[in-house]
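Q: got a predicted structure here, sequence first:
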Amino acid sequence: AVPTYNYGTAATLANPQPGAPSIYNPAMNNSLLHQSYSRRVRIPLSLRVDWRPLPSLTLTPFISYTRLDSLHRADVRFQANTGTTTYNDSTRVMGARGAGALTYVNQLEAWRDEYATNTNLGLIAKWRHGPWQAEGAANASRSISEFKDTENGFFSSPSDQEGRNPRIANVTINFLDLNWRLPGRFEVLDAGNAPVDWSRAANYSLRAATSRPRLIQGDVETAYLKLKRDFATRVPFGLELGANYKREKRDRKRMDLNTWTYLGPDGVPDSADDRAGVIAADTYRKAPDAEYGYPAVEHLNMAKYYQLYKAHPEYFRYEEAISYRRSAESVNKLTETVQALYLMGDTRLFWNRVGLIGGVRYERAEGEGRGFLQTPTEVFQRNPNGSFVLVNGQRVRKPEAGAAGSLAEAKLIYHRNGAVGRGFRDGFFPSLHASWTVAENIAFKVAYAGTQARPDFSTSLLPSTTISPSNLTDRSEEHTSELQSH
């Protein structure tokens, strides 16, 4: 349960009025509840073998596989908003007439079947002979996550990313019997001041439908090798040389967001026959929320919604331009490679009371990101020198751009993985750790290390997604953004 409060303005802070929102008398003007049902089945399998072909050598191959099947249903993010308030105190909030609305809030993946797998295999090798030690390992893993909805017979949501949610609009909403978390009662009145049963789906208007299938793949490859020798001299010490490698790739292969406008039997959106009662859930019945005591609200059945679409496709209008744009902007590819070499030494002095460990590491991290690119000026004609064609001071659209808001225009403006960003960081990083054992139960330690902080590459590699060139911008620069850092 998520309440939102209106704390008034600077004027009400200086001169608070009885019954008006202020920091001294906050008005709860919005109340939201998130309920969902899910079921997860996880199946892990693994095999690991230790093999010693030589007394000094141990090999450990391993493999693992995990499958996760998840079902998500009956997701409700129900929101009541009073709009402008006329009076509030500690027990009630009175909304202005006709200013309120109740909605099933945008939840694009409310219904989904998720299938995820992870496959991991590798080898660890350890060798020891006299003062020599060596260890190495290599590992590769692949994770795949897939969402399905219409393929399995249901829409993912009755909302879309344009904010079109099932709703009861232009009503008066009063919050009564308040506590700190939520109203004890909602009073909803229509234009004639008659009560509205806001818990019934039949009183909400359907406005949109969404399908959100996705396919994401991640691959990780790692390896390391280290070699150490201990020297039994008067002052014993050891030296270790090592190398590390890691390559990580994330590929959002498919992140579709398909949107339909609901027209209903009369073919007109937002009209009287667009009631959500036709898709009210039958088996998952409304009941008060067990955690917060939130009033019962009917759930919507996305399988019934999709069945309605299959039976009456004329009730729906596919928004091809919106769907193309929203699907293109969610796709990206990211790759990061990290390579390192290090040299480390350790020793103990003064009858093993003082220990020193130190070394230096060279590390280089490289990355590439490909993401969503917008080229809003691509719909306009250009002269041979790259400037725009102007008529009466106005840019002239290309014939192939079609009408504003059309699919033809969207294909010229929005590009999947059209933007590219690259970067690298490298450097030498020293470290030293010292310890002094004064007594059996007293020790002093001090350490210093230089490290490389790498931002999460999902946010640092993706380039700017919008390019709006000036009238004379070289067109070759519009589709590539090169980013270098050192």
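A: Everything's here; your move. In this text, all values refer to a predicted model and were calculated from it rather than measured experimentally.

Q: where does pLDDT dip in this structure?
A: For the chain, applying pLDDT under 70 flags the ranges 1, 34-35, 74-76, 106-109, 180-181, 284-295, 453-486.

Q: what are the ranges of the helices in it?
A: According to DSSP state H, the chain carries its helices in the segments 10-14, 302-311, 320-329, 407-413, 457-460.

Q: just say which of these is most tucked in.
A: Compared across the helices of the chain, helix 320-329 shows the largest average neighbour count, a mean of 20 (mean count of other CB atoms under 10 Å). From N, CA and C alone the C-beta is placed, and that goes for glycine too.

Q: from the chain's centre, how far out does it sit?
A: 18 Å (CA atoms, centre = their mean, to the nearest Å).

Q: hang on, the earlier thing: I'd like the helices of the chain as CSV, with distance to Phe78 appended.
A: Below are these laid out as CSV (distance: least, CB to CB, whole Å):
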stretch, distance to Phe78
helix 10-14, 30
helix 302-311, 16
helix 320-329, 24
helix 407-413, 33
helix 457-460, 32
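
Q: Asp160: neighbour count?
A: 24 (other CB atoms under 10 Å).

Q: then the one 3 residues further on?
A: Other residues near Gly163 come to 11 when the count uses other CB under 10 Å.

Q: can we start the residue count at 48 from this point?
A: New numbering, starting at 48: the last item is Gly210.

Q: for it, grab phi and psi.
A: phi 90, psi 20 (degrees, to the nearest 10).

Q: before we move on, the earlier item: so which of the helices of the chain gets nearest Arg472?
A: helix 504-507 (9.9 Å; CB to CB).

Q: that older thread, quick one: which of the helices of the chain is nearest Arg139?
A: Here helix 57-61 is closest among those (CB to CB), at 18.5 Å.

Q: closest one to Gly470 among the helices of the chain?
A: Proximity of the helices of the chain to Gly470 was assessed by CB to CB; the nearest stretch is helix 504-507, lying at 7.3 Å.

Q: which residues touch Thr113?
A: By CB atoms under 8 Å, 6 or more residues apart in numbering, Thr113 lies in contact with Arg89, Ile90, Pro91, Leu92, Thr164, Asn165.

Q: please name the bridge partners of it.
A: Pro91, Asn165 (DSSP bridges).

Q: name whatever forms a beta bridge with the nearest residue to Pro242 once chain neighbours are set aside.
A: Nearest non-adjacent residue to Pro242, counting by CB to CB, 6 or more residues apart in numbering: Leu236, 6.3 Å away. Beta bridges link Leu236 to Thr219, Pro242, judged by DSSP bridges.

Q: quick one: contacts for the spatially most central residue of the chain?
A: Nearest to the mean C-alpha position of the chain, counting by CA atoms, centre = their mean, stands Ser377 at 9.8 Å. When contacts are counted by CB under 8 Å, 6+ apart, Ser377 is found next to Arg261, Arg299, Met302, Leu304, Phe419.

Q: touching, the residue nearest to Pro242 and Ile215? I think so.
A: No: using CB atoms under 8 Å, Leu236 is not in contact with Ile215, being 11.0 Å away.

Q: now do the shared contacts for those two.
A: Taking CB under 8 Å, 6+ apart as the contact rule, Leu236 and Ile215 both touch Val243.

Q: neighbour count for these two, which is higher?
A: Set Leu236 next to Ile215 and count neighbours by other CB under 10 Å: Ile215 wins out with 21 against 17.

Q: just grab the bridge partners of the more buried one for me.
A: Legend: beta-bridge partners of Ile215 under DSSP bridges are Leu149.

Q: picking up where we left off before, which of the contacts of Ser377 tops the neighbour count?
A: Among the contacts of Ser377, the one with the most neighbours (other CB under 10 Å) is Leu304, at 24 neighbours.

Q: residues contacting the closest residue to it other than its chain neighbours?
A: Spatial nearest neighbour of Leu304, chain neighbours left out: Arg373 (3.9 Å); criterion: CB to CB, 6+ apart. By CB under 8 Å, 6+ apart, the contact set of Arg373 is Gln208, Leu304, Thr306.

Q: dump these into CSV; add distance to Val443 as well.
A: What follows is the contacts of Arg373, written out as CSV (distance: CB to CB, whole Å):
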residue, distance to Val443
Gln208, 31
Leu304, 32
Thr306, 30
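
Q: just to be sure, which of those are found in strands?
A: Counting by DSSP state E, those place Thr306 in strands.

Q: which one of the contacts of Arg373 is nearest Thr150?
A: Distance to Thr150 across the contacts of Arg373 (CB to CB) is lowest for Gln208, with 14.6 Å.

Q: what's the burial count for that closest one?
A: For Gln208, the neighbour count with other CB under 10 Å is 19.

Q: what is the burial count for the nearest residue to Asn240 once chain neighbours are set aside?
A: What sits nearest to Asn240 in space, not counting adjacent residues and going by CB to CB, 6+ apart, is Thr219, at 7.6 Å. Neighbours of Thr219 under the rule other CB under 10 Å: 21.
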